[in-house]
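> sharing a model prediction with you, sequence too.
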Amino acid sequence: MRSILHVAAVLLLHFLLTATFCLGIRTIGGGDGSGFRFSEAPDYRNGVECPVSVNKQLVSSSDPSLVQVAMTLDSEYLRGSIAAVHSVLRHASCPENIFFHFIAAEFDPANPRVLSKLVRSTFPSLNFKIYIFREDTVINLISSSIRQALENPLNYARNYLGDILDLCVDRVIYLDSDLVVVDDILKLWNTTLTNSRVIGAPEYCHANFTKYFTDGFWSDPVISRVFQSRKPCYFNTGVMVMDLVRWREGNYRKRIENWMEIQRRRRIYELGSLPPFLLVFAGNVEAIDHRWNQHGLGGDNIRGSCRSLHPGPVSLLHWSGKGKPWVRLDARKPCPLDHLWEPYDLYKGSLVKDQSSSSIFLGFSSYLL
């Protein structure tokens, strides 16, 4: 409880200190056709120490002064994505120097044009681009998972960032939609990937690594040999710094797909998009401070029970697992840490917030039909 109060105090202090840079807030109606209603975020501005963009009038993803962030964007997790973007901007020292790459599903009920309009109305000054992810790229490679949500093709979009994003984007931070950043993302961007490493992420070497794969995997002397020359550690793929030049050169998309093809033929893991990343990268990841992924706040993949913070400082709170803060808050069954997500929530739906989560989602569905 003491750690929770400490984090809450830090967030409150930061809100008060940065309030002078906010230029107001108003509610955006559902006129964009999405059925979602969000408040317009404050207009966060650069500090005097920020590098000047090459072209102030037309910001391009090729600008080397920009921090590049990639996220998925869909109707199911839209509320989380908007909160995540809001948190990044709120705590950034140079918010105008961040470029967001949003990956949208081809057949999502809210089409990319609608999502683009909604993002622009919520963040009028945001530098962003929306890309369409063709689900048939990966649909035949996906196997059943421990939780149905993990089978969503958009979960696998991170595998294809090297192909989806513009070739001029040579480096990117990938973020999941169920998190908030409570520190300056520039610090994460400045991570150096040493020894030709392709990705950087917080590692958890004390976790039981064997549980991420089946007994059939470990008993097979051929395929389990993949870790023979490495000391693999668990890492969460919801927060990664990625060198896309090395990714493309090493054809890592294909390496991941190869393991997914093996999984289709024989069961070697139970989770969704995580194990193929572990098979390819575990033991060769640039270790980033744990503060940049306080993950697991959504509980496990079955019950989604409440969790507490890991020991140490916090720069990013991540509700990986079944429980999502917006669902639990709407259901009036929040976990203590869900209240740390709430200040970044810009959702202003037509249904009152204190209705049950099931009613909220029925409302979303009726809008999107």
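Everything's here; your move.
> where exactly do the strands run in the protein?
With strands called from DSSP state E, the chain shows them at 26-27, 39-40, 67-73, 98-105, 127-133, 171-175, 179-181, 199-201, 203-204, 234-235, 239-243, 286-287, 316-318.
> report the contact partners of the residue nearest to Val239 when sequence neighbours are not counted.
Nearest-residue entry for Val239: Asn293, 4.4 Å, with adjacent residues in sequence omitted and distances by Cβ to Cβ, 6 or more residues apart in numbering. For glycine as for every other residue, the C-beta is placed from the backbone atoms N, C-alpha and C. By Cβ atoms under 8 Å, 6 or more residues apart in numbering, Asn293 lies in contact with Ala201, Pro202, Asn236, Gly238, Val239, Leu316, His318.
> ok, now with 6 Å
Pro202, Asn236, Val239, Leu316, His318 (Cβ atoms under 6 Å, 6 or more residues apart in numbering).
> for Leu161, see how far away Ile256 is.
11 Å (Cβ to Cβ, to the nearest Å).
> can you check Asn208 too?
Distance from Asn208 to Leu161, by Cβ to Cβ: 29 Å.
> neighbour count for those two, which is higher?
Remark: of Asn208 and Leu161, Leu161 carries more neighbours, 22 against 8, as counted by other Cβ atoms under 10 Å.
> need the pLDDT of that one.
On pLDDT, Leu161 comes in at 97.
> then Gly216?
pLDDT recorded at Gly216 is 94.
> just give me the neighbour total for it.
Using other Cβ under 10 Å: Gly216 sits among 13 other residues.
> likewise the one 3 residues further on?
Burial of Ser219, expressed as a neighbour count using other Cβ under 10 Å, amounts to 9.
> just the one 5 residues further on next, same as before
Using other Cβ under 10 Å, the number of residues around Ser224 comes to 15.
> how much space between it and His101?
With Cβ to Cβ as the criterion, Ser224 and His101 are 36 Å apart.
> next one: Ile185
14 Å.
> Ile142 too?
From Ile142 to His101 the distance is 23 Å (Cβ to Cβ).
> the two - which one has more neighbours?
Using other Cβ under 10 Å as the criterion, Ile142 and His101 rank with His101 on top: 24 against 19.
> could you give the bridge partners of that one?
Ala70, Lys129 (DSSP bridges).
> I figured it hits Thr72, correct?
No - between His101 and Thr72 there is no contact under Cβ atoms under 6 Å: 10.0 Å.
> show me what contacts Ala282?
By Cβ under 6 Å, 6+ apart, the neighbours of Ala282 are Pro232.
> any idea of the pLDDT on it?
On the pLDDT scale, Ala282 gets 96.
> can you give me every residue that contacts the closest residue to Val241 other than its chain neighbours?
Sequence neighbours aside, Gly200 is the residue nearest to Val241 in space, at 4.1 Å (criterion: Cβ to Cβ, 6+ apart). Gly200 makes contacts with Thr191, Leu193, Val241, Glu286, Ile288, as judged by Cβ under 6 Å, 6+ apart.
> for Asn155, same thing?
Asn155 neighbours (Cβ under 6 Å, 6+ apart): Gly272, Ser273.
> what pLDDT does it get?
90.
> also Val222?
94.
> count the neighbours of Lys254 for me.
Neighbours of Lys254 (other Cβ under 10 Å): 9.
> next: Leu154.
Neighbourhood size, Leu154 [other Cβ under 10 Å]: 21.
> equivalent analysis for Asp345, please.
Using other Cβ under 10 Å as the criterion, the residues surrounding Asp345 number 20.
> how about it, nearest residue that isn't a chain neighbour?
Asp345's closest residue in space is Ala83 (Cβ to Cβ, 6+ apart), at 5.1 Å.
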